[in-house]
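Visitor: sequence first, then the predicted structure, then my questions.
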Amino acid sequence: METKAGDPGAFAHFDLGRVPSPAFVVDEVAVRRNLEILADIRARSGAPVLLALKAFSMWSLAPLIDEYLDGYCASGLWEARLAKEHFRGPISTYSPAYKAEDLAELTRISEHITFNNPQQIERWKDESNQDIALDSSEIGLRINPQIALGETEKYDPSQPHSRLGFPISQLRPEHFAHLSGIHFHNLCEQGFDALEQTWEQVESFIAPQFGTLKWINLGGGHHITRDDYDRDALVAFLKDLKARSGCEIYLEPGEAVALDAGILVGEILDVFDNGMPVGITDISATCHMPDVIEAPYRPAMLNERAEGPAIRLGGPSCLAGDIIGDYRLPEAPHIGQRFAFLDQAHYSMVKTNTFNGVPLPSIWLWNSESDVLQCVKRFDWKEFRDRLS
């Protein structure tokens with residue numbers, strides 16, 4: 001996958017030596033700018049905007065996010081607890097499946113509970129467990145639009161034999177009996193055209209139920225805060241859909257909240273030659289940016305040169321595939337050299353791990369207008385020790 005972002009913004013002038021390495025640095029001014037765009041979409045369209053915590057869970061910014069957005073999306077119990085404890089606003093929860101003990105708590109703290117198929121709804125509504133009070137939450141069903149629009153198949157919710165959502169080809173009128181809402185999430189870093197195509201695919205299956213449904217959640221993957229996104233077309237679409245359906249229309253972007261709002265600072269630990277220059281860094285693809293391997297994709301580098309010799313950068317772990325990519329560094333590679341990858345505030349921070357005992361990056365909050373820089377979180381080796389037995 002090619003990264004769809006990578007605008008350095010104010011980070012073009014940030015001194016990488018101000019933070020220890022490795023470190024995430026998030027610009028709260030850039031986050032606010034994204035939030036203002038999303039709030040404008042809500043104001044013009046009437047569609048509530050929810051933050052998907054799976055993409056960006058930096059709860060130290062909760063007071064800022066609460067100013068602009070309407071609620072939060074959780075992918076399970078722990079994210080829902082985080083939303084309840086640190087953020088304000090209603091919580092909407094979706095998981096491909098639930099455990100009874102988790103669902104009991106989720107029904108108490110979530111405004112919407114979305115299930116992956118109608119069989120799950122029937123199962124839990126008939127469950128004798130009195131702690132599961134589904135009537136206290138508005139029940140939703142995630143549908144699978146069965147139209148593959150993603151760049152990479154394994155990241156596409158509509159891939160063949162997908163586990164995400166109930167296939168629309170199997171949807172029947174009786175499946176709407178217990179529903180308040182319909183949810184679908186079919187996009188990944190895409191523009192308005194992909195949303196429009198997805199809706200054209202599902203509308204005929206949903207439109208007959210407009211009189212009974214209360215809400216429609218259009219999911220995430222919308223790159224609304226990217227400069228080339230057609231936001232006017234989105235607003236017109238949302239207004240028209242709300243008028244025709246009589247439903248509340250929700251958006252739940254996660255990445256768009258933190259797009260181009262953070263960097264990951266690293267340092268070169270060693271340089272040698274193996275047919276080409278190779279650099280070992282204190283940033284690990286598998287530990288700090290797992291999407292580099294899982295997607296895969298090549299993260300943009302701050303101030304990378306357009307021409308010149310390339311160096312292959314990889315992490316300090318023993319994994320042979322811990323390779324970030326080939327880069328033309330801003331200056332000749334050398335031990336102790338600092339560098340940074342762009343657009344790392346979303347997904348990277350929530351996916352970090354300590355495989356091989358690789359340390360976690362510290363997290364810093366920077367205000368690019370006032371130049372105030374503060375450490376939000378430091379990790380030590382206990383983070384690695386305490387997750388083991």
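Guide: Sure thing, it's come through.

Visitor: who are the neighbours in contact with the nearest residue to residue 176 once chain neighbours are set aside?
Guide: Nearest residue to residue 176, sequence neighbours excluded (Cβ to Cβ, 6 or more residues apart in numbering): residue 209, at 4.9 Å. Backbone N, C-alpha and C define where each C-beta goes, glycine included. Contacts of residue 209 were listed using Cβ atoms under 8 Å, 6 or more residues apart in numbering, and they are 173, 176, 179, 182.

Visitor: and for residue 81?
Guide: Applying Cβ under 8 Å, 6+ apart to residue 81 gives the contacts 105, 109.

Visitor: do residue 379 as well
Guide: Counting by Cβ under 8 Å, 6+ apart, residue 379 touches 359, 360, 361, 362.

Visitor: next step: those residues restricted to strands.
Guide: residue 362 (DSSP state E).

Visitor: may I ask which of the contacts of residue 379 has the most neighbours?
Guide: Comparing these on neighbour count, residue 361 comes out first with 28 neighbours (neighbours: other Cβ atoms under 10 Å).

Visitor: neighbours around the nearest residue to that one once chain neighbours are set aside, how many?
Guide: Nearest non-adjacent residue to residue 361, counting by Cβ to Cβ, 6+ apart: residue 22, 3.9 Å away. The number of residues packed near residue 22 is 23, by other Cβ under 10 Å.

Visitor: where exactly do the helices run in the chain?
Guide: Using DSSP state H, the helices found in the chain span residues 28-45, 62-68, 77-86, 100-109, 118-125, 192-206, 231-245, 255-258, 285-288, 291-294, 348-351, 382-385.

Visitor: if we can go back for a sec, wait, the residue nearest to residue 361 sits on residue 264?
Guide: Yes - counting by Cβ atoms under 8 Å, residue 264 is a contact partner of residue 22 at 6.5 Å.

Visitor: joint contacts of those two?
Guide: 283, 288, 361.

Visitor: tabulate those (TSV), appending pLDDT and distance to residue 94.
Guide: Below are these laid out as TSV (pLDDT from 0 to 100; distance: Cβ to Cβ, whole Å):
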residue	pLDDT	distance to residue 94
283	98	32
288	98	27
361	98	29
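
Visitor: still on that earlier bit, what is the most widely separated pair among the contacts of residue 379?
Guide: Across the contacts of residue 379, the longest distance by Cβ to Cβ is 9.0 Å; it joins 359 and 362.

Visitor: what sits in contact with each of those two?
Guide: 22, 379.

Visitor: how close does the residue nearest to residue 361 get to residue 61?
Guide: Counting by Cβ to Cβ, to the nearest Å, the gap from residue 22 to residue 61 is 20 Å.

Visitor: equivalent analysis for residue 300, please.
Guide: Taken as Cβ to Cβ, the span from residue 300 to residue 61 is 23 Å.

Visitor: check residue 165 too.
Guide: Distance of residue 165 to residue 61, given as Cβ to Cβ: 30 Å.

Visitor: again with residue 155
Guide: 26 Å.

Visitor: go on, residue 210?
Guide: Distance, residue 210 to residue 61, using Cβ to Cβ: 37 Å.

Visitor: same deal with residue 367?
Guide: Separation of residue 367 from residue 61 (Cβ to Cβ): 12 Å.

Visitor: out of these two, which sits in the more crowded spot?
Guide: Between residue 367 and residue 61, residue 61 has the larger neighbour count (other Cβ under 10 Å), namely 23 against 15.

Visitor: now the strands for the stretch 201-350 of the chain?
Guide: In the stretch 201-350 of the chain, the strands defined using DSSP state E, counting those that start in this stretch lie at 215-217, 248-250, 262-273, 277-281, 311-314, 323-327, 338-342.

Visitor: mean pLDDT for those - can I get that in JSON lines?
Guide: As requested, the strands of the stretch 201-350 of the chain are exported to JSON lines (pLDDT from 0 to 100):
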{"stretch": "strand 215-217", "mean pLDDT": "98"}
{"stretch": "strand 248-250", "mean pLDDT": "98"}
{"stretch": "strand 262-273", "mean pLDDT": "98"}
{"stretch": "strand 277-281", "mean pLDDT": "98"}
{"stretch": "strand 311-314", "mean pLDDT": "98"}
{"stretch": "strand 323-327", "mean pLDDT": "98"}
{"stretch": "strand 338-342", "mean pLDDT": "98"}
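
Visitor: any chance of a markdown table for the ones you listed, columns mean neighbour count?
Guide: Shown next, in a markdown table, are the strands of the stretch 201-350 of the chain (neighbours: other Cβ atoms under 10 Å):
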| stretch | mean neighbour count |
| --- | --- |
| strand 215-217 | 23 |
| strand 248-250 | 19 |
| strand 262-273 | 19 |
| strand 277-281 | 19 |
| strand 311-314 | 20 |
| strand 323-327 | 18 |
| strand 338-342 | 24 |
